[in-house]
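Q: okay, structure incoming, though there's no sequence with it:
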């Protein structure tokens, strides 16, 4: 039975050679993984398949058997040692190949017998492997500006096909330009595994801006994700090209402060010793880049420099300005003046820049500088000036007190609201605060605050007879007195009633007197005109000059004027 089956299979192989299907399907497997190689892709239904056989190309056109499966029998493994234990048949007739190797990259053929038809399905197998990892080795200790230096070697190990390596700086690809960038790549194949290791060497001419730059290498393999090496950085060495002098101080820099000079050079490694030029004086500083000037004064203002010790021509300079502000206010402190005296206020300013001056009196801002031709009591107060130059400010002040004998400015009276008493008001001015004395006893109503040398005192009285009341004010500089007539409340009530009863009669009498005077004046005027006319007619008759009657005319005019004055009275 087995001999018959073998004969049948061999006969079928011969027929298959005549009916091979042209064209190859390619599948890719991963190195070390199990690879599934498909058979017929479902072109033939499983129930119609009588025999399935897998074989491979051993080379030079020679086939090699792997396994065979007849419809009613189990799989028969016929593979040689190279594939023994690595091949099996899937339920869908695919060939399962475990632990894929690069030597598995060949053609595998599936032969299917269905009825009287024999069909072959050749499949080309490729085995891929991503690099085991990327790293940069042989790293340079430092890079020198403008000098081509081997930066390092990037290695991508055990890949198939061989990895392509790209160098990057700060994630930007580097391209071999034959000048500052040179890349050399080599591939080494492992004779046992057949896997390839790619090595890429980068030679690089650094620039100053490459300080702290991150260099990496990467590869994007046919299978797997993109791989990037850990970044590396390099110390970039170069000679000092630029030097700067920094001034470290609080703002504004004023007398008594400290200022630190710092010399900054861009060389790498950076210089550690410097010369500081302090307005003609040279100070050498070792293993430091700063120099501190303490307790500066206005004389510190000027130009300062620093330079390299090994190259004095490499220097930098900076101007330092010490701000100052001196003010002298005259007078100052407590000032006492007599009312009416002059006070000359002067302010002298010595400053490092343009100054601004503001004045206040008792913390209230003044619109102008205080000037005193004659001081008054209202001028008393605390005067303060503030002078500023930028952020710098100074203050000075004087407290003015105006003194003098008190003077009563006004003494008045008024009837109380209830009509049952009188209020006497005495307003005085003087300093120090004057004391009040009244010549009559009364109830003290109010005393106003003593402001700017002014004060008012009020008392309440109930006079029963007509009185003359005096108000006296005094302080250590003098005394002043003023009197006022105050009538009895009862007299005022009687007079008010009498005034009301006599108002009509008095009005009539006044009107009669005025009318009589007007009539008399008119009569005298007419008599004067008649007299003048007759006098002139008489002189015309006698031929006398008009001047002859001038004396009489003068007497008449005087008489008229006298009568007119009596009428006015």
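A: Nice, I can see it. For clarity, every value in this text was computed on a predicted model and none was experimentally measured.
Q: quick check, central residue of the protein?
A: Centrality entry for the chain: nearest residue to the mean C-alpha point is residue 251, 17.5 Å, by C-alpha atoms, centre = their mean.
Q: dihedrals phi and psi, that one?
A: Here the main-chain torsion angles of residue 251 (degrees, to the nearest 10) amount to phi -120, psi 130.
Q: need the nearest residue in space to it, chain neighbours excluded.
A: In space, not counting the residues next to it along the chain, residue 251 is nearest to residue 391; the distance is 6.8 Å by C-beta to C-beta, 6 or more residues apart in numbering. Every residue, glycine included, has its C-beta placed from N, CA and C.
Q: on that earlier part again, from residue 443, how far out is the residue nearest to the centre of the chain?
A: Look at residue 251 and residue 443: by C-beta to C-beta, to the nearest Å, they are 66 Å apart.
Q: now the strands for the stretch 401-550 of the chain?
A: When assigned using DSSP state E, counting those that start in this stretch, the strands of the stretch 401-550 of the chain occupy the ranges 422-431, 435-438, 443-447, 454-461, 467-475, 478-486.
Q: comparing these by mean pLDDT, which bottoms out?
A: When mean pLDDT is averaged over each of the strands of the stretch 401-550 of the chain, strand 443-447 scores lowest at a mean of 78.
Q: what's that one packed up against?
A: Here strand 443-447 touches strand 454-461, going by 3 or more C-beta pairs under 8 Å, 6 or more residues apart in numbering; DSSP states H and E.
Q: name the helices or strands packed onto the strand it packs on?
A: In this structure, strand 454-461 packs against strand 422-431, strand 443-447, with contacts taken as 3+ C-beta pairs under 8 Å, 6+ apart.
Q: format those as TSV; extra columns: distance to residue 115.
A: TSV is the format used below for those (distance: least, C-beta to C-beta, whole Å):
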stretch	distance to residue 115
strand 422-431	141
strand 443-447	139
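Q: which among the ones you listed is found nearest to residue 358?
A: Comparing the helices and strands packed on strand 454-461 against residue 358 with C-beta to C-beta, the closest turns out to be strand 422-431 (27.6 Å).
Q: now that closest one: buried residues?
A: The neighbour-count criterion (16 or more other C-beta atoms under 10 Å) identifies 422-431 as the buried residues of strand 422-431.
Q: again, but for stretch 226-245
A: In stretch 226-245, the ones that count as buried by 16+ other C-beta under 10 Å are 227, 229, 232, 234, 236-238, 240, 243, 245.
Q: again with stretch 54-71
A: 54-56, 64-70.
Q: what mean pLDDT does that stretch have?
A: Average pLDDT, stretch 54-71: 90.
Q: repeat that for stretch 343-363.
A: Stretch 343-363 comes out with an average pLDDT of 92.
Q: looking at residue 45 now. What's its pLDDT?
A: For residue 45, the pLDDT comes out at 79.
Q: and it, how many residues sit next to it?
A: Here the neighbour count serves as a burial measure; for residue 45 (other C-beta atoms under 10 Å) it reads 9.
Q: which residue packs closest to residue 226, ignoring adjacent ones?
A: Nearest residue to residue 226 in three dimensions, chain neighbours excluded: residue 220, at 4.7 Å (C-beta to C-beta, 6+ apart).
Q: and the buried residues of stretch 54-71 as JSON lines, adding secondary structure?
A: Compiled in JSON lines, the buried residues of stretch 54-71 are given as follows (DSSP: H, G, I helix; E, B strand; the rest coil):
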{"residue": "54", "secondary structure": "strand"}
{"residue": "55", "secondary structure": "strand"}
{"residue": "56", "secondary structure": "strand"}
{"residue": "64", "secondary structure": "strand"}
{"residue": "65", "secondary structure": "strand"}
{"residue": "66", "secondary structure": "strand"}
{"residue": "67", "secondary structure": "strand"}
{"residue": "68", "secondary structure": "strand"}
{"residue": "69", "secondary structure": "strand"}
{"residue": "70", "secondary structure": "strand"}
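Q: nearest to residue 152, of those residues?
A: Using C-beta to C-beta, the shortest approach to residue 152 within the buried residues of stretch 54-71 belongs to residue 56, at 43.8 Å.
Q: what bridges to that closest one?
A: Following DSSP bridges, residue 56 is listed with bridge partners residue 64, residue 108.
Q: go on, residue 121?
A: According to DSSP bridges, the residues that bridge with residue 121 are residue 110.
Q: what residues are up against it?
A: Taking C-beta atoms under 8 Å, 6 or more residues apart in numbering as the definition of contact, the neighbours of residue 121 are 21, 25, 38-41, 109-112.
Q: same question, residue 275
A: By C-beta under 8 Å, 6+ apart, residue 275 lies in contact with 282-285, 306-309, 312.
Q: now, those residues that are in strands?
A: Using DSSP state E, the members of the contacts of residue 275 that fall within strands are 282-285, 306-308.
Q: of these - the most surrounded one?
A: The residue in the ones in strands among the contacts of residue 275 with the most neighbours, by other C-beta under 10 Å, is residue 306 (28 neighbours).
Q: surely that residue is in contact with residue 274?
A: Yes: contact criterion C-beta atoms under 8 Å: residue 306 and residue 274 qualify, at 5.2 Å.
Q: between those two, what contacts are shared?
A: Common contacts of residue 306 and residue 274 (C-beta under 8 Å, 6+ apart): residue 263.
Q: and the gap between residue 184 and residue 199?
A: Applying C-beta to C-beta, one obtains 9 Å for the distance of residue 184 from residue 199.
Q: for those two, indicate the residue with more neighbours.
A: Comparing residue 184 with residue 199 by other C-beta under 10 Å, the one with more neighbours is residue 199, at 17 against 12.
Q: hang on, that one in a helix?
A: No: secondary structure assignment (three-state DSSP) places residue 199 in strand, not in a helix.
Q: what's near enough to touch it?
A: The contact partners of residue 199, by C-beta under 8 Å, 6+ apart, come to 153-155, 185-188.
Q: which residues does it bridge with?
A: Assessed by DSSP bridges, residue 199 has beta-bridge partners residue 155, residue 186.
Q: from residue 162, how far off is it?
A: Look at residue 199 and residue 162: by C-beta to C-beta, they are 10 Å apart.
Q: overlap in contacts of these two?
A: For the pair residue 199 and residue 162, residues contacting each of them under the criterion C-beta under 8 Å, 6+ apart are residue 187.
Q: so after the host helix or strand of residue 202, what's the next helix or strand?
A: Using DSSP states H and E, residue 202 sits within strand 196-204. On the C-terminal side of strand 196-204, the nearest following helix or strand under DSSP H and E is strand 215-219.
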